[in-house]
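Chemist: Structure, please.
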Amino acid sequence: MNRSPARLNLEHLKKQAKELIRLYRRQAPEAYARFRHALPAAAGRSDAQIAALDLRLHDAQSCVARDLGFASWPDLRRYIEAQLPPGKSKAHRVRRWLQLVYAADVAGTSDRANPRVAARMLAEDPGLVADDPYLACAIGDEATVQRTATGDPAWVNRPGGPLELPPLVAVTHSSLLQIPEFQARLHRCSRLLLQAGADPDQHISSRWPPGSLEAPDDSNPLSALYGAAGQNHDLELTRLLLEAGANPNDNESLYHSLEGSVTTGVLLEHGARIAGTNAMYKVLDDESVAALELLLRHGGDPNEPARNAPLTDCGSPLMWAIRRRRSPRCIATLLDAGADPHITTPDGLSAYRYALQFGLTEVAGLLRERTGDETLADDERFVAACASGNESEARRLRAARSDLPASLSPQQLRLLPELAGAGGDDAVRLMVRLGWPVAVRGGDWDASALNHAVFRGNSGLTRFLLEHGAEWTEQHGFGDNVSGSLSWASCNEPISGGDWVGCAQALLDHGMPHATPDRDDPEWVLLAGRKKLFSDEVRDVLLGEAA
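Modeler: Just a heads-up that it's a prediction; the model follows:
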């Protein structure tokens with residue numbers, strides 16, 4: 001296949017993918033052969049086995065992308081979007097390339113960095129960075145960095161280039177650190193800059209809203225260390241900066257290091273303070289007992305008060321761990337480290353009751369061992385039975401109390417969207433069948449259960465909620481409705497394996513209007529009069545053009 005960039009046209013490639021999936025559904029041997037050659041899931045499989053995979057449009061798009069040398073369809077799409085129409089200057093092309101090299105808080109965009117596509121563009125056009133020492137920092141061009149530092153010693157601490165970055169920040173925030181062929185070069189450039197006198201605490205102000213590239217947010221500084229430890233999770237570079245004297249207490253590095261856990265230990269070894277960073281809460285967003293133990297060994301306070309919402313709704317790491325439905329092992333780790341089992345939420349709910357409210361019966365048992373039994377009211381027992389999926393007990397309690405669930409408190413009712421957002425499908429279905437108000441809003445982004453289900457790509461729960469009275473017009477805390485949740489999630493895929501196509505079809509089947517093309521921008525559609533962007537597969541379903 002011709003891989004010439006000049007011949008890549010997104011609409012043409014979309015049509016290729018649609019034709020491939022049509023041939024596949026007609027059991028065409030050439031479609032099986034193409035999938036077998038390009039799609040890892042089909043490699044080495046027989047035609048019958050490939051047919052049984054029930055491949056979809058996104059698989060065909062992946063196949064088209066891989067045929068062109070890209071790791072994925074999103075990579076191919078970003079590559080095409082980064083190309084410029086004829087007549088645009090090199091400066092425009094460099095700016096597009098930098099938006100692939102750097103994250104949004106540095107580049108001043110809303111997109112993630114994409115080092116794979118940035119590396120491909122550079123390979124095709126090495127002249128992109130010619131003679132610019134700041135761009136040389138982005139790729140680890142040692143000769144240019146050395147020559148510039150030698151000729152102008154003050155340069156190593158002077159911001160500049162298209163993004164106005166200090167040289168060390170330009171190196172440590174470069175996402176090309178994640179590409180093996182660039183990593184060692186970037187490490188050497190960092191050493192070179194530090195030896196030439198670069199301040200290890202170089203920083204910029206964030207360009208993430210409310211900041212921008214033109215008017216950075218001075219209240220939110222981003223250090224060189226944050227690029228190494230929090231963005232790229234590069235252990236060697238993090239260690240290099242710390243040994244050169246970088247301040248580990250920059251209010252970003254430790255918190256974001258927990259997203260990869262690779263650099264957390266070295267930050268703590270060099271004096272990173274845990275208190276006041278929300279690290280004791282961040283570590284509980286995922287099931288990472290090893291990282292939790294690491295923080296506790298370095299003085300993390302299992303009773304550290306929360307500083308901001310929604311953490312303050314819980315009040316302590318123990319309560320946050322319960323809300324995040326962490327494992328009994330994780331909860332036991334907190335308790336063994338001194339977490340107060342008698343802690344209550346700001347509303348006065350005990351940890352034991354809070355655990356039952358989230359259906360964590362085993363965790364509640366751990367807490368009861370430390371606090372003793374508590375007498376539960378009927379409404380609390382009803383909520384606990386629903387949250388744990390104990391249908392017989394929930395129905396028994398409702399039979400004795402006909403006012404349930406209508407008489408539950410607003411806090412209790414918000415458990416429906418909370419559990420929908422946490423993947424507690426069985427509990428949500430039971431609650432709805434027993435009369436829970438289906439449109440009640442809650443969770444981190446104040447959304448209905450339907451919004452949460454669509455966000456997670458949970459098509460089965462989406463259809464169930466719609467069949468039980470949920471509506472696509474239900475709002476969420478970002479000022480949009482369920483179609484907005486579908487838009488963001490289908491484009492960004494926050495949950496691996498989500499079925500946003502199935503969610504879209506369920507919404508259409510239950511009253512959401514079809515979309516219409518936006519004549520001014522073919523990538524976007526109009527839905528109920530509002531301009532929105534969806535993944536290609538979802539867009540086709542909403543337009544009634546599914547392959």
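Chemist: So, low pLDDT: which residues of the stretch 51-200 of the chain?
Modeler: 85-87 (pLDDT under 70).
Chemist: Who are the contact partners of the residue located most distally from the centre of the chain?
Modeler: Distance from the C-alpha centroid of the chain peaks at A400, with 44.0 Å (Cα atoms, centre = their mean). By Cβ atoms under 8 Å, 6 or more residues apart in numbering, A400 lies in contact with D378. For the C-beta atoms, the positions are set from N, CA and C on the backbone; glycine is no exception.
Chemist: how is this structure carved up into domains?
Modeler: 5-80, 84-273, 280-371, 414-543 (automatic domain parsing).
Chemist: among those, which is nearest V383?
Modeler: domain 280-371 (5.6 Å; Cβ to Cβ).
Chemist: Next, the distance between the ends of that closest one.
Modeler: 23 Å (Cα to Cα, to the nearest Å).
Chemist: Next: stretch 170-182.
Modeler: Stretch 170-182: ends 14 Å apart by Cα to Cα.
Chemist: contacting residues around that stretch?
Modeler: 100-103, 106, 113-116, 118-119, 134, 137-140, 161, 163, 165, 183, 186, 189-190, 193, 222, 224-228, 231-232, 234, 237, 241.
Chemist: Now intersect those with the helices, please.
Modeler: Among the contacts of stretch 170-182, the subset assigned to helices under DSSP state H consists of 100-101, 106, 115-116, 118-119, 134, 137-139, 183, 186, 189-190, 193, 224-226, 237, 241.
Chemist: Helix or strand: which one has the residue nearest to S261 when sequence neighbours are not counted?
Modeler: Leaving aside its sequence neighbours, S261 sits nearest to A291 (Cβ to Cβ, 6 or more residues apart in numbering; 4.9 Å). Using DSSP states H and E, A291 falls within helix 289-297.
Chemist: Could you name the helices and strands sitting against that helix?
Modeler: helix 264-269, helix 328-336 (3 or more Cβ pairs under 8 Å, 6 or more residues apart in numbering; DSSP states H and E).
Chemist: okay, the angle between that helix and helix 328-336?
Modeler: 10 degrees (axes from the mean of the first three to the mean of the last three Cα atoms, to 10 degrees).
Chemist: Could you list the low-pLDDT ranges of the protein?
Modeler: For the chain, the ranges with pLDDT under 70 are 1-7, 85-87, 309, 546-547.
Chemist: buried residues in the helix holding A291?
Modeler: Using 16 or more other Cβ atoms under 10 Å as the test for burial, helix 289-297 gives A291, L292, E293, L294, L295, L296.
Chemist: which residues sit in contact with the first one?
Modeler: A291 makes contact with L258, S261, T264, V283, according to Cβ under 8 Å, 6+ apart.
Chemist: list the contacts for the first one?
Modeler: This points to L258. Per Cβ under 8 Å, 6+ apart, neighbours of L258: T264, A279, K282, V283, S288, A291.
Chemist: want to try CSV for those residues, with distance to F464 as columns?
Modeler: Listed next are those as CSV, based on distance: Cβ to Cβ, whole Å:
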residue, distance to F464
T264, 40
A279, 37
K282, 32
V283, 33
S288, 31
A291, 35
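Chemist: Greatest separation within the residues you listed: which pair is it?
Modeler: Largest pairwise distance in those, by Cβ to Cβ, is 11.7 Å, between A279 and S288.
Chemist: what about these two, which has more around it?
Modeler: A279 (27 against 18; other Cβ atoms under 10 Å).
Chemist: From A229, how far out is the more buried one?
Modeler: According to Cβ to Cβ, to the nearest Å, A279 and A229 sit 12 Å apart.
Chemist: any shared contact partners between these two?
Modeler: In contact with both A279 and A229: L254, using Cβ under 8 Å, 6+ apart.
Chemist: For the nearest residue to Y24 once chain neighbours are set aside, identify the helix or strand it belongs to.
Modeler: Distance criterion Cβ to Cβ, 6+ apart; nearest residue to Y24, sequence neighbours excluded, is A31 at 4.1 Å. Element membership of A31, judged by DSSP H and E, is helix 29-38.
Chemist: which helices and strands sit right next to the very next helix or strand once past that helix?
Modeler: Sequence-wise, the next helix or strand downstream of helix 29-38 (DSSP H and E) is helix 47-52. Helix 47-52 sits against helix 29-38, with contacts defined as 3+ Cβ pairs under 8 Å, 6+ apart.
Chemist: how does it look with 10 Å?
Modeler: Contacts defined by 3 or more Cβ pairs under 10 Å, 6 or more residues apart in numbering; DSSP states H and E place helix 47-52 against helix 10-25, helix 29-38.
Chemist: Those helices: which one's closest to E124?
Modeler: Comparing these by Cβ to Cβ, helix 10-25 comes nearest, at 17.6 Å.
Chemist: Report the angle between that closest one and helix 29-38.
Modeler: 110 degrees.
Chemist: Okay, buried residues for helix 10-25 please.
Modeler: Under 16+ other Cβ under 10 Å, the buried positions of helix 10-25 are L10, L13, K14, Q16, A17, K18, L20, I21, L23, Y24.
Chemist: Equivalent analysis for stretch 275-286, please.
Modeler: T277, N278, A279, M280, Y281, K282, V283, L284.
Chemist: Span of that stretch from start to end?
Modeler: 19 Å.
Chemist: again with stretch 205-212
Modeler: 9 Å.
Chemist: contacting residues for the nearest residue to L213 once chain neighbours are set aside?
Modeler: Distances taken as Cβ to Cβ, 6+ apart place G108 nearest to L213, at 3.1 Å, with adjacent residues excluded. By Cβ atoms under 10 Å, 6 or more residues apart in numbering, the contact list for G108 reads 95, 98-99, 102, 163, 206-209, 211-216.
Chemist: let's see it at 8 Å
Modeler: Per Cβ under 8 Å, 6+ apart, neighbours of G108: L163, R207, G211, S212, L213, E214.
Chemist: Now T109: closest residue in space, sequence neighbours ignored.
Modeler: Q99 (5.1 Å).
Chemist: Wait, that neighbour touches V106, no?
Modeler: No - the criterion here is Cβ atoms under 8 Å, and Q99 misses it with V106 at 9.5 Å.
Chemist: Which of the two has more residues huddled nearby?
Modeler: Between Q99 and V106, V106 has the larger neighbour count (other Cβ under 10 Å), namely 27 against 24.
Chemist: out of everything not next to it in sequence, what's closest to that one?
Modeler: In space, V106 is closest to H173, 5.2 Å off (Cβ to Cβ, 6+ apart).
Chemist: can you check G230 too?
Modeler: Per Cβ to Cβ, 6+ apart, closest to G230 is H256, 3.0 Å.
Chemist: And P29, by the same measure?
Modeler: D47 (6.6 Å).
Chemist: same question, A51
Modeler: Q27 is the one closest to A51 (Cβ to Cβ, 6+ apart), at 6.4 Å.
Chemist: Could you do I343 as well?
Modeler: S316 (4.9 Å).
Chemist: what about that neighbour, distance to G230?
Modeler: Distance from S316 to G230, by Cβ to Cβ: 25 Å.
Chemist: same for the helix or strand where C63 lies, what does it pack against?
Modeler: Using DSSP H and E, C63 sits within helix 57-67. When contacts are defined as 3+ Cβ pairs under 8 Å, 6+ apart, helix 57-67 packs onto helix 10-25, helix 29-38, helix 73-82, helix 536-543.
Chemist: could the ones you listed go into JSON lines alongside distance to R441?
Modeler: Listed next are the helices and strands packed on helix 57-67 as JSON lines, based on distance: least, Cβ to Cβ, whole Å:
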{"stretch": "helix 10-25", "distance to R441": "36"}
{"stretch": "helix 29-38", "distance to R441": "43"}
{"stretch": "helix 73-82", "distance to R441": "31"}
{"stretch": "helix 536-543", "distance to R441": "24"}
